[in-house]
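[1] Could you look at this predicted model? Sequence included:
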Amino acid sequence: MFRTPALLLCAALALAGCTSLSAPLATPADATPAARMPAQALAPVILISIDGFRNDYLDRGLTPNLTRMAAGGVRAEFMRPSYPSITFPNHYTLVTGLRPDHHGVIANFMTDPTLPGVRFSMFDPNTVRDERWWDDGKPLWTSVREQGGRAAAMFWVGSEAPVHGARPEFWRPFDIKVSSQQRVQQVLEWLALPPAQRPHFITLYFDKVDTMGHLHGPDAAQLNTALAEVDTAIGTLLDGIRAQQLQDSTNIVVVSDHGMTATDPSRQIYLDDLVDVSKLDFGWTGAYASFNALPGGEAAARQLLAGSHPHIQCMTREQIPARFEYGQHRRVPAYICTAELGWQVTTRQAELRKGHELRGEHGYDNRLPDMHSPFIGYGPAFAQGMSIAPIDNVDIYPLLARLLHITPARNDGNPGHTDAALKH
């Protein structure tokens, strides 16, 4: 499986199944009483991800609602994604607090030596909904349920599988046809439920900014239009929360999974021009290429390791720099070639499958500013007009656990990194 632009990803996942927005997917057997939740935990917590929202997009003057939230709440200087800076690994990190090397969702496509003959694909509902791919981590909604609360997911990576035996009480399979406004309306419907049924933890996901960034680039007019569209939807959410008189109890955290950088075909490296790729089994191509050697492919892998192009660096997984905190999980392929920022490493077959050129990409070194994401905390628990130092995205999980007053599962985050964001 190869790197596929977000538009195709969304379309493929839409085929995996969709459901009426008005019909919750929870069953009476899924309902979890809130009797064990402390009274202060009944305040809703909403986690919003704007896929592909680079940190400096906030400074373009196109997102007045997000700007107002940052001014009236807390904004970090920036938030670093985990490596690799791609969608599935980082969205699962945000709700588990674990690095991809620990929660096991190491890419959007992957194999596992303990699951022979099975290949995980973000396009395949059978693997997306197979808990075996997710059970190395425990998502926040599972801990909320275990500790007496309720959860809802308006799209989120991992929410379609019964991880550790449970999905959120309310969840939706991803469907690109659901507009930004419809997604917000569903969240408002959940918030309008009686307190005994209302979710305590809600996720809300927008994909439009990432899609436009891939197709047109981070500086394109189409991306700016997407920024305005998502910001307008968030404005609708804020208005709806006020209309339900929940503004004094609802806390909102806005993040992204990664940023975006400009690319073009002139900076595309075809591994076919360097080695015989027919003997290599690729898991990913784009900002990096990861692969295993098929029988007879070791020579091609060694040739790449010897240094065959000035704009890529190839290594074994054991040679991946320690600062990436990546390469120890059994699912990480044996070899990886990383590209310089703005370059892409791919194969001709991968490009044929993709079908068109990309003008924006992510997946690069998570220290690079173009890969950085925003963090905004807004609501009664947060300080007002506060700017805090940069944080890692693993720090979001312990913050959310504190807001929800639950005991967190094992995680890699540091709650001290967000202490300054909170009033108390």
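    Cool, got the structure.
[2] And the residue nearest the centre of the chain, its phi and psi?
    What sits nearest the mean C-alpha location of the chain, by CA atoms, centre = their mean, is H91, with 2.5 Å. When read as degrees, to the nearest 10, the backbone of H91 gives phi -70, psi -40.
[3] ok, now how distant is the closest residue to T263 other than its chain neighbours from P84?
    Among residues not flanking T263 along the chain, E361 sits closest, at 4.6 Å (CB to CB, 6 or more residues apart in numbering). Just so you know, the C-beta spots here come from the backbone N, C-alpha and C atoms, and that holds for glycine as well. Computed as CB to CB, to the nearest Å, the E361 to P84 distance reads 12 Å.
[4] Tell me who's in contact with the nearest residue in space to A262 that is not next to it in sequence.
    Spatial nearest neighbour of A262, excluding adjacent residues (CB to CB, 6+ apart): G217 at 4.9 Å. Neighbour list for G217: L223, A262, T263, R359, G360 [criterion: CB atoms under 8 Å, 6 or more residues apart in numbering].
[5] Also T111?
    V118, R119, F120, G283, N292, R331.
[6] Show the pLDDT at it.
    Listed pLDDT for T111 reads 97.
[7] cool, and P38?
    You'll see P38 listed with a pLDDT of 55.
[8] Can you report how many residues neighbour G296?
    Neighbour count of G296, defined by other CB atoms under 10 Å: 10.
[9] meant to ask about I320
    I320 has 18 neighbouring residues, counting by other CB under 10 Å.
[10] Can you give me the domain boundaries for the chain?
    According to automatic domain parsing, the chain comprises the domains 6-22+32-262+366-421, 265-357.
[11] and those, which is most packed in?
    Ranked by mean neighbour count under mean count of other CB atoms under 10 Å, these are led by domain 6-22+32-262+366-421, which reaches a mean of 20.
[12] got any ranges where the chain has weak pLDDT?
    Along the chain, segments meeting pLDDT under 70 span 1-42, 355.
[13] all helices in it, in order from the N-terminus.
    Under the criterion DSSP state H, the chain carries helices at the ranges 6-15, 64-72, 87-96, 100-103, 125-128, 140-146, 180-191, 208-216, 221-243, 298-305, 348-354, 396-404.
[14] Could you dump those into TSV with distance to V45 added?
    Output for those, formatted as TSV (distance: least, CB to CB, whole Å):
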stretch	distance to V45
helix 6-15	26
helix 64-72	15
helix 87-96	12
helix 100-103	21
helix 125-128	25
helix 140-146	9
helix 180-191	11
helix 208-216	23
helix 221-243	12
helix 298-305	46
helix 348-354	38
helix 396-404	5
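[15] gap between the residue nearest to T263 and L352?
    According to CB to CB, E361 and L352 sit 18 Å apart.
[16] ok, now L191?
    46 Å.
[17] what's the answer for T203, then?
    On the measure of CB to CB, T203 and L352 end up 35 Å apart.
[18] Compute the distance from the centre of stretch 239-246 to the centre of its chain.
    27 Å (CA atoms, centre = their mean, to the nearest Å).
[19] Taking the contacts of G217, tell me the two that lie furthest apart.
    Spanning the widest gap among the contacts of G217 are L223 and T263, at 13.6 Å by CB to CB.
[20] Which residues are in contact with each of those two?
    By CB under 8 Å, 6+ apart, L223 and T263 have these common neighbours: G217, G360.
[21] tell me the contacts of the residue nearest to T263?
    Going by CB under 8 Å, 6+ apart, E361 touches H214, M260, T261, T263, G286, A287, G342, Q344.
[22] sorry, back to before: right, and the residue nearest to the centre of the chain touches W156 too?
    Yes - counting by CB atoms under 8 Å, H91 does reach W156; the two are 6.4 Å apart.
[23] Need the residues touching each of these two.
    Both H91 and W156 are in contact with S49, Y205, where contact means CB under 8 Å, 6+ apart.
[24] of the contacts of T111, closest to P100?
    R331 (9.2 Å).
[25] out of the helices of the chain, nearest to N55?
    Closest to N55 of the helices of the chain is helix 64-72 (CB to CB; 11.3 Å).
[26] what does the closest one rub up against?
    Applying CB under 8 Å, 6+ apart, the contact partners of helix 64-72 are 58, 61, 231-232, 234-235, 238, 252, 254, 374, 376, 378, 384-385.
[27] For P89, which non-adjacent residue is closest in space?
    Counting by CB to CB, 6+ apart, P100 is the residue found nearest to P89 once chain neighbours are left out, at 3.9 Å.
[28] who's in contact with that neighbour?
    S82, Y83, P84, P89, N90, Y92, T93, I106, A107, Y326, H329.
[29] Find the residue closest to the residue in the chain sticking out farthest from the centre in space, skipping its chain neighbours.
    Computed with CA atoms, centre = their mean, the residue of the chain farthest from its C-alpha average is G296, at 36.0 Å. Distances taken as CB to CB, 6+ apart put K279 closest to G296, at 5.1 Å, once the chain neighbours are dropped.
[30] Provide a list of residues in contact with the one you found.
    In this structure, K279 makes contact with A293, L294, P295, G296, G297, A300, judged by CB under 8 Å, 6+ apart.
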